[in-house]
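>>> return atomic coordinates for the entry below.
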Amino acid sequence: MGQQTKERWRTAHLGKRGDRVRLGGRQIWQCEWRWINKNTVRLPHPLHTDQMFSFMICEVGPASAPVRFAAAQVEPEMWAFYVPD
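Numbering: from 1, shown residues only. Next up, the predicted model:
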């Protein structure tokens, strides 16, 4: 299993799988996610902050200008996204 990260994160989106969420100008569900070294970070559910989840730290886009985010399925068909702060 990957390592926990010490980065600071802020809430970016909570929505259904396949919605039109854009992070860093990219439509996340239409991109191939790269899970960075299987790293994770423990973050709260955006609406229920007493519930913690393990979020995958991922990137999309070209390696020269990647968009980094943390993502986790927090409910059936519902995903939460965080971005570096």
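>>> use CA for all of it now, contacts and neighbours both
Will do.
>>> tell me who's in contact with Ala80.
11-15, 45-46, 71-74 (CA atoms under 8 Å, 6 or more residues apart in numbering).
>>> in this protein, what spans have low per-residue confidence?
For the chain, the stretches flagged by pLDDT under 70 are 1-5.
>>> where do the strands sit along it?
Per DSSP state E, the chain carries strands over the ranges 9-16, 22-23, 26-27, 34-44, 52-60, 67-75, 78-84.
>>> thinking again about what came up before, make CSV out of the contacts of Ala80 and add distance to Ala65 and neighbour count.
Listed next are the contacts of Ala80 as CSV, based on distance: CA to CA, whole Å; neighbours: other CA atoms under 10 Å:
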residue, distance to Ala65, neighbour count
Thr11, 21, 17
Ala12, 19, 17
His13, 21, 16
Leu14, 24, 20
Gly15, 25, 16
His45, 28, 20
Pro46, 27, 19
Ala71, 19, 24
Ala72, 23, 21
Gln73, 25, 19
Val74, 28, 20
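>>> and of the residues you listed, the nearest to Glu59?
Lowest distance from Glu59 to the contacts of Ala80 (CA to CA) belongs to Ala71, with 10.2 Å.
>>> give the buried residues for stretch 14-32.
Buried residues in stretch 14-32, counted by 16 or more other CA atoms under 10 Å: 14-15, 21, 23, 28.
>>> related to what we said a few turns ago, in TSV: the contacts of Ala80, plus distance to Trp33.
Listed next are those as TSV, based on distance: CA to CA, whole Å:
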residue	distance to Trp33
Thr11	18
Ala12	16
His13	16
Leu14	17
Gly15	17
His45	21
Pro46	21
Ala71	10
Ala72	13
Gln73	14
Val74	18
